[in-house]
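Chemist: Quick one, fold the following:
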Amino acid sequence: MLRLIHTADWHLGHTLHGFDRHWEHQRFLQWLLETIVTRQVDVLLVAGDIFHTANPSNAAMTLYFQFIADLCRHAPQVQIILTAGNHDSPLRLESSADLLSVLGVRVVGSMPYSRQDYDKIVIPMRNATGEVEAWCGAVPFLRLADLPVQADEEDVAGGVAAVYAQVWQALQHNRQPGQGVVLTGHCYMAGGDLSEWSERKILLGNQHALPVAMFGEEVAYVALGHLHLAQRVGGRERVRYSGSPIPMSMQERGYRHQVLLVEMEGEQVQEITPLPVPRSVEFLKIPQQGGVTLDELLPLLAQLPEGQQNERSPYLEVVVKATTAEMVTRQRIEEALLNKGVRLVKITLQRPGQETVSKPFSTANLVDLAAEEIFKRKYQQHYGQEPPNDWLAAFHELVDAADQEEAG
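Modeler: Numbering: from 1, shown residues only. Below is the predicted model:
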């Protein structure tokens, strides 16, 4: 029996509208460590976006290394396999790979240059007795330079499928009968449900969503990252996104954040168990549905508990009907929240005649918006309409190129 935990999209170093998430990540990693020890896990798989930016802060790096050190100290038998996501820098992630390998940690930031170097990503996974129970094809986020069909950008999905076919062949060369196969990936699969507020569609603006059929039925399990909502793909029970462990935006407050415990016997998965991640900070929305006038909102805010703001204070979004000037509305809301033990992260104004709410556009929260959302809002601001699809596609190509240059 092989027990592995599949998780992804930690986004260490993330801030929510200017508020640091360090304590939340610290609590999650402590819970994950205790879960691994209690559940007697053999392998920890992290499918990308370990960090929120390509150049994470010292605090985020310290949190990362401290978790690895603590896990190696309390559960030295556990294998750790870490792969890069689109937010991670392959070079930065792999800069410590040789050192961490001494502790049994395998770090894959990028694809090998040639198939002769596939030992980097074809990794044996051992059970509690030290026997090789399965093999992992640890595929990170794939950039255009990683694909064998770079000349044909219209067939990105075909290029990704070709990479996985090569990885499958390398796995077949190494594994013995009775040993299962696990693949990782950090990508957007066709039909996946994403949060437009915190996830950017990757692979050339998502014009090439990947088909689940590229993972053959003979693959025991596919551990995916990128989408923050835990979900199966294409109805396939063994092709899954684990989802992020904490909400990355207010829109994700209703997600069931979790990691997945996968138990394998031989070539097959026997059981997949979602393990809910305890939420260390509450997410509040007032009102929970629709919007209220400012005069109706203020008594509701008065009912919030008194206290000082700290890292454990709930995040708060309010939805108010835009019947007064925006500056007056914000000032009165902020005054009502003085000495309240909450952190105001968002004031959403509901315009007359609009069914959907619109978020005020200000430089104070640009860092917390997806690049696509900023582009759409600026275009709407200048031209009074949504940007055309060809503009969006061109914008995504520019963002992808900038990401690749930053990630090195």
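
Chemist: State the helix or strand in which the residue located most distally from the centre of the chain lies.
Modeler: Outermost residue of the chain with respect to the C-alpha centroid, by CA atoms, centre = their mean, is Asp295; its distance is 38.4 Å. Assigned by DSSP states H and E, Asp295 belongs to helix 294-302.

Chemist: Not counting that helix itself, show me its contacts.
Modeler: Residues from elsewhere that reach helix 294-302 (CB atoms under 8 Å, 6 or more residues apart in numbering): 286-287, 292, 318, 320-321, 323-324, 329, 332-333, 336-337, 340. For every residue, glycine as well, the C-beta is placed using N, CA and C.

Chemist: What's opposite Thr15 in the beta bridge?
Modeler: Beta bridges link Thr15 to Asp20, judged by DSSP bridges.

Chemist: Double-check it against Arg21; I have them as touching.
Modeler: Yes: between Thr15 and Arg21 a contact is recorded at 6.3 Å, counting by CB atoms under 8 Å.

Chemist: Who has more neighbours out of the two?
Modeler: The residue with more neighbours, out of Thr15 and Arg21, is Arg21; 22 against 14, by other CB atoms under 10 Å.

Chemist: picking that back up, for the next helix or strand after the helix holding Asp295, the averaged confidence score.
Modeler: Sequence-wise, the next helix or strand downstream of helix 294-302 (DSSP H and E) is strand 315-321. For strand 315-321, mean pLDDT rounds to 94.

Chemist: Now the terminal residues of stretch 4-18, how far apart.
Modeler: 35 Å (CA to CA, to the nearest Å).

Chemist: Would you mark the buried spots in stretch 30-49?
Modeler: 31-33, 36, 41-49 (16 or more other CB atoms under 10 Å).

Chemist: Would you mind measuring the gap between the ends of it?
Modeler: 19 Å.

Chemist: what is the mean pLDDT for that stretch?
Modeler: Here the average pLDDT along stretch 30-49 is 97.

Chemist: Check stretch 16-24 too.
Modeler: Stretch 16-24 comes out at a mean pLDDT of 94.

Chemist: Can you list the neighbours in contact with that stretch?
Modeler: So stretch 16-24 is contacted by 14-15, 59-60, 63, 246, 248-250, 280-281, 311-312, 315, 343, 345-346, 364-365, 367-368 (CB under 8 Å, 6+ apart).

Chemist: rerun that using 6 Å as the cut-off
Modeler: 14, 59, 246, 280-281, 311, 343, 345, 365, 368 (CB atoms under 6 Å, 6 or more residues apart in numbering).

Chemist: where does the residue farthest from the centre of the chain land on pLDDT?
Modeler: On pLDDT, Asp295 comes in at 92.

Chemist: Could you report the distance from it to Ala336?
Modeler: Using CB to CB, to the nearest Å, Asp295 is found at 11 Å from Ala336.

Chemist: Equivalent analysis for Leu294, please.
Modeler: 10 Å.

Chemist: same deal with Leu4?
Modeler: Taking CB to CB, one finds Leu4 at 48 Å from Ala336.

Chemist: Of these two, which one has the most company?
Modeler: For Leu4 versus Ala336, the count of surrounding residues by other CB under 10 Å is larger for Leu4: 25 against 18.

Chemist: What strand or helix carries the more buried one?
Modeler: Residue-wise, Leu4 maps onto strand 2-7 under DSSP H and E.

Chemist: remind me which residues of the stretch 101-250 of the chain are low pLDDT?
Modeler: 149-154, 194-208 (pLDDT under 70).

Chemist: could you redo the last one with a cut-off of 80?
Modeler: 115-116, 149-155, 191-208 (pLDDT under 80).

Chemist: What are the boundaries of the helices in it?
Modeler: 156-174 (DSSP state H, counting those that start in this stretch).

Chemist: Please report how far the spatially most central residue of the chain lies from Asn174.
Modeler: The centre of the chain sits closest to Asp9, judged by CA atoms, centre = their mean, with a distance of 2.6 Å. Relative to Asn174, Asp9 is positioned 29 Å away (CB to CB).

Chemist: Let me see the domain layout of the chain.
Modeler: Domain assignment of the chain by automatic domain parsing yields the ranges 2-276, 283-407.

Chemist: Could you single out the most deeply buried of those domains?
Modeler: Burial of the domains of the chain is given as mean neighbour count (mean count of other CB atoms under 10 Å); domain 2-276 ranks first at a mean of 19.

Chemist: Show me how far that one is from its chain's centre.
Modeler: 10 Å (CA atoms, centre = their mean, to the nearest Å).
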